[in-house]
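[1] Would you be able to build a 3D model of this:
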Amino acid sequence: MVTTRILEILRTGQPDESATIQGWVRTKRELKDFTFVEVNDGSSMANLQVVLDPVLPDYADVLKQLNTGTSIAVSGILVASPAKGQRIELKAQTVEVYGEADPQTYPLQKKRHSFEFLREIGHLRSRTNTLGAVFRVRNACANAIHQFFQSRGFLWIHTPIITASDCEGAGEMFHVTSLNLTDVPLTEAKGVDYSQDFFGKPAYLTVSGQLEAEVMAMAFSNVYTFGPTFRAENSNTSRHLAEFWMVEPEMAFCDLQGDMDLAEEFLKYLFKSVLEQCPEDMEFFNQRIDNSVLATADNIINNQFERVTYTDAIALLEKTNKKFEYPVKWGLDLQSEHERYLAEELFKKPVIVTDYPVEIKAFYMRLSDDEKTVAAMDILAPKIGEIIGGSQREERLDVLENRIQKQGLNLADYWWYLDLRRYGTVPHAGFGLGFERLVQFMTGMGNIRDVIPFPRAPLSVDF
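    Below you'll find the model as predicted:
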């Protein structure tokens, strides 16, 4: 059986062409002389209308089975549609039912369901209009990420999911162990005896592939990671996940200026690609979810990002009459409300803030000559705040060793990272982008759990 995707039929199908589709029934409308069935196969927001004539073999029996959720194959002839809002429809010649859906128990009926309810039926929610649109946009965005880097000669690196190092130094990591948790072996000092564990020492799920990407950049110049990362942060918010995907390019022979330029170009490319690949889905989000979605995309694509130092940003925030919940002071990290004020109200476009205080940034960021700031940058976007964080990396061995020790980390744990500075060190830079945060920003979805197929969060590990 040769089938055609519904998206292709809606875009290019012509009257009198034969076609076979496979999909799921969305709605059924019975009239005296014929029946209309809306079918969707996930390829597009729109359904294809199928017309069933009573002369169809076993018409009455087939009709009884065609409830919302039923999976079917339909073969027939495409005809011009007389109905408003649709160009073409399929006049059925044969209908095959694969699997029925009991209308008394099938939870997705022709009405609007709350996102909270849909999270309870995560195995079925992708069949809804909104979640279907989300995952098509997610796919288009992921594809654009690879196209952007591959077209520029970057090597895609598969960094490890299990690691022994904490890239961020925050300690919010999931432990990986093969020890029997009901009888954990202990040392004489009553600590866990990791010598008996699988790896012989503590191991974790990675929070970032950056350090390993730096290893590969020292051999291939330009590389990127795109894979799952994990954070054992007990945050039940609309912005946090325990398992999420990160995009992290690393560039040898690159400074902070080059890092900023690439990050800005990257965001513009992604938004432009998604608008081209998923115009109907993005229009849906603009109409049903957030009426500023398309304007936000335009703001990203067609504006040169503002660039301002952290010091100047603090001064601008201190001058404003706006009252903030969190204090504004040099040396304190910017909060989401500060970031959004800069991007939404002050500059009214994306802003790149650079040169943050050394005390609030990670050990691997390059120390500035004043020794008070580091060569870091965050891209702040309207409606969401920080969307990308990056820096020029510290390439000087003595400075890096000092930074690691000042943050209370063990130099021995980073022997291989320090070796990169011993053998052929070069200026290099990179950034990280949380993929789900980007998809949430693009679509206007209110909760990050609704832009990933199987969300992982505190007390939530279904499927």
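
[2] ok, now which ones touch residue 162?
    By C-beta atoms under 8 Å, 6 or more residues apart in numbering, residue 162 lies in contact with 176, 199, 203, 204, 205, 206. From N, CA and C alone the C-beta is placed, and that goes for glycine too.

[3] try 10 Å this time
    174, 176, 198, 199, 203, 204, 205, 206 (C-beta atoms under 10 Å, 6 or more residues apart in numbering).

[4] Is the fourth one in contact with residue 175, as I believe?
    I take that to be residue 199. No. With contact defined as C-beta atoms under 10 Å, residue 199 does not reach residue 175; the gap is 11.1 Å.

[5] could you pull out the strands for the stretch 51-200 of the chain?
    Applying DSSP state E, counting those that start in this stretch to the stretch 51-200 of the chain gives strands spanning 71-80, 88-99, 155-156, 162-163, 175-176.

[6] would you turn those into a markdown table with distance to residue 372 and mean pLDDT?
    Listed next are the strands of the stretch 51-200 of the chain as a markdown table, based on distance: least, C-beta to C-beta, whole Å; pLDDT from 0 to 100:
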| stretch | distance to residue 372 | mean pLDDT |
| --- | --- | --- |
| strand 71-80 | 63 | 97 |
| strand 88-99 | 65 | 96 |
| strand 155-156 | 36 | 98 |
| strand 162-163 | 31 | 94 |
| strand 175-176 | 36 | 94 |
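
[7] Surely residue 6 and residue 47 touch.
    Yes. Because the distance of 7.3 Å satisfies C-beta under 10 Å, residue 6 is recorded as touching residue 47.

[8] higher neighbour count, the two?
    residue 6 (23 against 20; other C-beta atoms under 10 Å).

[9] can you give me phi and psi for that one?
    phi -60, psi -40 (degrees, to the nearest 10).

[10] What separation do you get for it and residue 65?
    Separation of residue 6 from residue 65 (C-beta to C-beta, to the nearest Å): 20 Å.

[11] still on that earlier bit, buried only: go through the contacts of residue 162 for me.
    Taking 16 or more other C-beta atoms under 10 Å as the criterion, what is buried in these is 176, 203, 204, 205, 206.

[12] Relative to residue 232, how far out is the fourth one?
    The one in question is residue 205. Distance from residue 205 to residue 232, by C-beta to C-beta: 8 Å.

[13] Find residues that contact each of the two.
    By C-beta under 10 Å, 6+ apart, residue 205 and residue 232 have these common neighbours: 173, 174, 175, 242.

[14] Was I right to think the second one contacts residue 207?
    Yes. Using C-beta under 10 Å as the test, residue 174 is close enough to residue 207 to be in contact (9.1 Å).

[15] where do the contact lists of these two overlap?
    230, 231, 232.

[16] Compute the distance between the second one and residue 239, please.
    So that's residue 231. Using C-beta to C-beta, we find residue 231 at a distance of 12 Å from residue 239.

[17] So for these two, which residue has more residues nearby?
    residue 231 (21 against 15).

[18] Give the buried residues for stretch 423-432.
    For stretch 423-432, by 16+ other C-beta under 10 Å, it's 425, 427, 428, 429, 430, 431, 432.

[19] and if you look at stretch 60-72?
    Across stretch 60-72, burial judged by 16+ other C-beta under 10 Å covers 62, 63, 66, 67, 68, 69, 70, 71, 72.

[20] For stretch 232-248, list every residue counted as buried.
    Neighbour-count burial for stretch 232-248 [16+ other C-beta under 10 Å]: 240, 241, 242, 243, 244, 245, 246, 247, 248.

[21] What mean pLDDT does that stretch get?
    What stretch 232-248 shows for mean pLDDT is 89.

[22] Which residue of this protein lies farthest from its centroid?
    residue 55 (48.5 Å; C-alpha atoms, centre = their mean).

[23] list the contacts for that one?
    Contacts for residue 55 were tallied using C-beta under 10 Å, 6+ apart; they are 34, 93.

[24] my read: residue 83 touches residue 38, true?
    No. Residue 83 sits out of contact with residue 38 when judged by C-beta under 10 Å, with a separation of 11.4 Å.

[25] Look at those two and report which has more neighbours.
    Between residue 83 and residue 38, counted using other C-beta under 10 Å, the more crowded position is residue 38 (19 against 9).

[26] give me phi/psi at residue 328?
    phi -110, psi 120.

[27] right, and out of the buried residues of stretch 423-432, which lies closest to residue 271?
    residue 431 (16.6 Å; C-beta to C-beta).

[28] which residues touch residue 357?
    310, 311, 314, 330, 331, 332, 333, 372, 373, 374, 376.

[29] bridging residues for it?
    Residues in a beta bridge with residue 357, per DSSP bridges, are residue 373.

[30] repeat for residue 162
    residue 205.
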